[in-house]
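Visitor: no sequence on this one, just coordinates:
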């Protein structure tokens, strides 16, 4: 096995630095100052030290140990990227695999010190770690910046992002920012809070009806906010604000302070009092300051739930945008299928093709994440990224998985199709059929109000489980509106974690439905539609709920084995395919339309 | 509406007593000193004051208010039984219905006092109530016995139960009591506990391998226990112990103290230390004493989980007993169906018939609960109890629901069938078909290790939900071994309750599978099989789990509408029916066998 010299050198530098600072253990999560899921290049510290490029992972390192923890989406990818780095992979949630904190607890020795950068660790996790460290009679040093003297602008680190900010019209958001602030103030009042501090970027964008561009594919701007019942302070890099946006804030009496002033401000505020905050979404560093003097009211940010429940304007725009997006993906599938007869795309070229067709939609202003385009074995890596010049050729056999989405004036999209590009094995078709069944069964489920994603997950997963197969990720995630492609609080997952808070599925939430089958080294199949949660009938047994599908992209007719479905499931498939033809065909060329007609015929 | 004079008189006496004692509010739950689900007659205090006979319900009363809280199984029954009592019914978990504690919180005034008997309230609930009461700046009086001077032996209260106790052989239990005690001690050590106190009766019976008869249909004896790493004290009514059982305890160095000595004992123990206990299963009264001086380690009783996981001996005996029980129920169904042509049973007579057939099984020593035998509208009351001379005639139309079970040397059974006794409406058959589908789909589900009942509930409930119908109870409960027909920690329910602890389904657990449709005033349909949780294949995706059905009683062929099922579901039905014929027919008469053959033909 060849050594990855770049990474081992960096780890050596880090270990030297740790020694100098009297630190035996160092913890480096993936994170910025806002607990963002995706971070700008400036914050890819864990990636810098490990070479692992996935969006979720944490490094724990000592003199003679280095371990990376990541989740099921990235097991295959991490294994490849960690080759030769001497970093051990810990597969989160796999049987018998300790969590990072459990590992730390059983290896940290008395009087040792664990160092981390408290600015990039959420307060709840910071506190959990502190507790365990104390239990080991060891110490925590929250001010340890692992990048100092190792990774600076001079040797390749990018600058902190600092991009223009714009306001969104009420025609797009359905509600002015001052109305939203009033809703938050009601919540503060209910909780008895004088202050409320928000650091979560998408919550802030939603609240202020603004958008930025500081994280790739996430239209957010770096900022924090402090609310009281009479004032609003927004901490934001002043240089990103133009006249227009300054006028927008000024008109609403929103006070602007510079982004870096927040710590000083909270340290020195004279009339400290009760403050509502979400320990998950405030940094350990801020929290350490706040808990000294303030009375903390622990609650999720009220913005999180409000943002997740799309209002009537948002829902209306989403329906339009998802249809346009569906047309683009359908055209792309046609393009791929037609071209397999003539020329072969590389994965990268296919992804570019998808992006090009999507970007032709006038409302599209960005992708919602870098397009995932994986052929056969590469598709088994859930978040595979094809690189130009270093990716597979799409051959006329097997299947191509394409997971993509866009940022639009009017919504954020996310859709996956796995496309047969030629002769496909019986086994692969059987698996494709199972994934179809899971996705369609979940789409049509009816349930009582009060259900959370944990109740519903098995509906999508059962066709896989009945064959002794599992996909190592959730079935569904919430999606932002012109915002992050992943947002909470809702999700569709099955795992039970003690004291985890679950979100009830509310009318107006949108959520993905994306079961899959991933065979390491062979192929990956994922099908993803987006659904809107709606009220169904209400009767003496309660309020029933159901989903409306927003995605209209054909499923692959030749990859389906009709005998692998129950009669009811075949009807479901046929109904869905018919609705795709009805909705999408008006926007297609004659050739595309003829193909779609064939593709969506009943099985 | 006629007044229920008996009840209103009792409530008046209670209110007078409350006034004398300076108590504005009184809380009376259903409970004994052991947090038992079912209680002996001596403890039916809530029933005495309300007239409501269900097994779950709590009364909250003040000068001008009286409310009873109960769960969905009892809504219909409670409404009937509370008629004329002036007691308001609160339907637990229904939309917009406050919990008892919420109601109390919003009505209790400053400086008022809430009284209850801390001996019959579990400590966790007692503490929750105390907290809320304090928040209202009011007071709690835990020593208020509502029965004093109102309900005594002189005016009809029974004596405290005091029945003989016997030991069980290892041939039945699979493990000696000292082995079990060692397992508990390991757990105590792991938790750093010097002491462990147990008040839960079925946990105690399991641990000591003894059985009593102090609660109807529950073979338990009133007792408490205190364990250390070297000693075991059992607090039990001394007069119930004969020479043989005394020798059994003495041989194992189990020290016997009288049942009523426990409070004095814990008050006066000199070397108090860390004590492991389960606040759910210790009375608020004991807890009040313990928390003064002891260091409490809060954990579920280790006995609970160990008892739930049946060992190989228990599983082997259970398979035998469930088959014998299934034969008895099958014979009963034949008897009912045959006799509908000649004579009509009353519900009570039918129940007696069922009990008689079951008691003919040599191993049967009791029922596991009073047989529920409800015809049409009466079956809509989930726990309806037919009384001799006050029950319905079973007419040759519609359906009869029979839910019954026995206590056997070798297990506890529980089974429900809804039997068509003549012409049945299309709607009722459609509902019967849905219930069949739910029950069979859950029986055949395969799932990954780590699932709890909250993941699986929807598999059984979906056929109802898709028609906009719900049953207001869980789908499944654990079952004791020669013990209580309901036991934890596992269950199959869907509702999310914040901070509720869920139990992972483990190999060796047995659990009921009993979806239903209940139409108030029309009919009730429930089908209940018992399933054993087992390991299925283990592969790189994890350990898969599945159920083995223990119940082999035919489903009602004429009540099934085959077109209402998917092809897969019809196969499931046919497979189950075939297995019933295979297993049960060898034990039937020729006539019974011929009938069963017809009944179990494929649809």
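Guide: Looks like it came in fine. Given the structure is predicted, the values throughout are model-derived calculations rather than measurements.

Visitor: what is the mean pLDDT for the helix or strand hosting residue A:172?
Guide: Here residue A:172, judged by DSSP states H and E, is contained in helix A:170-173. Helix A:170-173 carries an average pLDDT of 97.

Visitor: Show me how chain A divides into domains.
Guide: Domain assignment for chain A by automatic domain parsing gives A:5-155, A:166-307, A:310-599.

Visitor: Can you see whether the last one contacts chain B, counting any residue in it?
Guide: The one in question is domain A:310-599. Yes - interface with chain B: domain A:310-599 contributes A:445-452, A:454-459, A:462, A:465-466, A:468-470, A:472, A:494-496, A:498-499, A:501-502, A:504, A:536-537, A:539, A:541-544, A:566-569 (C-beta under 8 Å from any C-beta of the partner chain). (Each C-beta comes from the backbone N, C-alpha and C, glycine too.)

Visitor: filter those residues to the buried ones?
Guide: Of the members of these, the ones counted as buried by neighbours, 16 or more other C-beta atoms under 10 Å in any protein chain shown, are A:445-452, A:454-459, A:462, A:465-466, A:469-470, A:472, A:494, A:496, A:502, A:504, A:536, A:541-542, A:544, A:566, A:569.

Visitor: Of those residues, which belong to strands?
Guide: Applying DSSP state E to these, the entries found in strands are A:447-448, A:536, A:542, A:544.

Visitor: quick one: least confident of those?
Guide: Least confident entry in these, by pLDDT: residue A:542, with 94.

Visitor: Now do the helices in the stretch 501-603 of chain A.
Guide: Taking DSSP state H, counting those that start in this stretch as the test, the helices found in the stretch 501-603 of chain A are A:567-584, A:590-599.

Visitor: which residues are in contact with the helix or strand hosting residue A:488?
Guide: If you go by DSSP H and E, residue A:488 is part of strand A:487-492. Contact with strand A:487-492 is made by A:202, A:300, A:304-305, A:307-308, A:442, A:452-453, A:456-457, A:460, A:474-480, A:501, A:503, A:505-506, A:509, A:511-513, as judged by C-beta atoms under 8 Å, 6 or more residues apart in numbering or on different chains.

Visitor: Residue A:17: how many residues sit nearby?
Guide: 19 (other C-beta atoms under 10 Å in any protein chain shown).

Visitor: Quick check: closest non-adjacent residue to the residue of the stretch 351-500 of chain A at minimum distance from chain B.
Guide: As assessed by C-beta to the nearest C-beta, chain B sits closest to residue A:470 within the stretch 351-500 of chain A, at 4.0 Å. Nearest residue to residue A:470, sequence neighbours excluded (C-beta to C-beta, 6 or more residues apart in numbering or on different chains): residue B:541, at 4.0 Å.

Visitor: Hmm, residue A:469 and that neighbour touching each other?
Guide: Yes - using C-beta atoms under 8 Å, residue B:541 is in contact with residue A:469, at 6.0 Å.

Visitor: in stretch A:313-328, what's buried?
Guide: Neighbour-count burial for stretch A:313-328 [16+ other C-beta under 10 Å]: A:313-315, A:317-318, A:321-328.

Visitor: a markdown table for these, including pLDDT and secondary structure?
Guide: Compiled in a markdown table, the buried residues of stretch A:313-328 are given as follows (pLDDT from 0 to 100; DSSP: H, G, I helix; E, B strand; the rest coil):
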| residue | pLDDT | secondary structure |
| --- | --- | --- |
| A:313 | 98 | helix |
| A:314 | 98 | helix |
| A:315 | 98 | helix |
| A:317 | 98 | helix |
| A:318 | 98 | helix |
| A:321 | 98 | helix |
| A:322 | 98 | helix |
| A:323 | 98 | helix |
| A:324 | 98 | helix |
| A:325 | 98 | helix |
| A:326 | 98 | helix |
| A:327 | 98 | helix |
| A:328 | 98 | helix |
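
Visitor: And the contacts of stretch A:261-271?
Guide: Contacts to stretch A:261-271, defined as C-beta under 8 Å, 6+ apart, come from residues A:197, A:224, A:226, A:233, A:235, A:257, A:285-286, A:289-290.

Visitor: again with stretch A:572-586
Guide: A:323, A:326-327, A:330, A:436, A:440-441, A:443-444, A:549, A:552-555, A:557, A:560, A:565, A:593, A:596-597, A:599-603.

Visitor: which residues does residue A:36 contact?
Guide: Contact partners of residue A:36, counting by C-beta under 8 Å, 6+ apart, are A:43, A:200-201, A:215, A:218, A:220.

Visitor: Just confirm it is within a strand.
Guide: No - per DSSP: H, G, I helix; E, B strand; the rest coil, residue A:36 lies outside any strand segment and is coil.

Visitor: State the distance from it to residue B:181.
Guide: Relative to residue B:181, residue A:36 is positioned 53 Å away (C-beta to C-beta, to the nearest Å).

Visitor: Kindly report the same for residue A:367.
Guide: For residue A:367, the distance to residue B:181 - C-beta to C-beta - is 63 Å.

Visitor: These two - which one has more neighbours?
Guide: Of the pair residue A:367 and residue B:181, residue A:367 is the one with more neighbours under other C-beta under 10 Å, namely 21 against 18.

Visitor: Okay, and the beta partners of the more buried one?
Guide: Note on residue A:367: beta-bridge partners by DSSP bridges are residue A:406.

Visitor: Which pLDDT value belongs to it?
Guide: Predicted confidence (pLDDT) for residue A:367: 98.

Visitor: With residue A:356 instead?
Guide: Residue A:356 is given a pLDDT of 98.

Visitor: So which bits of the helix or strand hosting it are buried?
Guide: Residue A:356 is part of helix A:347-359 when elements are defined by DSSP H and E. Across helix A:347-359, burial judged by 16+ other C-beta under 10 Å covers A:347-355, A:357-358.

Visitor: helices and strands around that helix, which ones?
Guide: For helix A:347-359, the helices and strands in contact under the criterion 3 or more C-beta pairs under 8 Å, 6 or more residues apart in numbering or on different chains; DSSP states H and E are helix A:312-339, strand A:364-367, strand A:372-375, strand A:399-404.

Visitor: which neighbours does the last one have in its sheet, and in what orientation?
Guide: Using DSSP bridges, the neighbouring strands of strand A:399-404 in the sheet come out as strand A:372-375 (antiparallel), strand A:415-420 (antiparallel).

Visitor: which of those strands sits most buried?
Guide: Sort the strands paired with strand A:399-404 by mean neighbour count, taking mean count of other C-beta atoms under 10 Å in any protein chain shown, and strand A:372-375 sits at the top with a mean of 27.

Visitor: For the residue lying closest to residue A:515 once chain neighbours are set aside, give me its contacts.
Guide: Excluding the flanking residues, the one nearest residue A:515 by C-beta to C-beta, 6+ apart is residue A:438, at 3.8 Å. Each residue near residue A:438 by C-beta under 8 Å, 6+ apart is listed here: A:459-464, A:475, A:515.

Visitor: Give the phi and psi angles for residue A:387, as a check.
Guide: Residue A:387 adopts backbone torsions of phi -110, psi 150, taken as degrees, to the nearest 10.

Visitor: which residue sits closest to the spatially most central residue of chain A in space, ignoring its chain neighbours?
Guide: Residue closest to the average C-alpha location in chain A (C-alpha atoms, centre = their mean): residue A:486, at 3.3 Å. Among residues not flanking residue A:486 along the chain, residue A:477 sits closest, at 4.9 Å (C-beta to C-beta, 6+ apart).

Visitor: ok, now which ones touch residue A:40?
Guide: By C-beta under 8 Å, 6+ apart, residue A:40 lies in contact with A:32, A:158, A:160-161, A:214-216.

Visitor: so how far is residue A:242 from it?
Guide: The value you get for residue A:40 to residue A:242, if C-beta to C-beta is used, is 21 Å.
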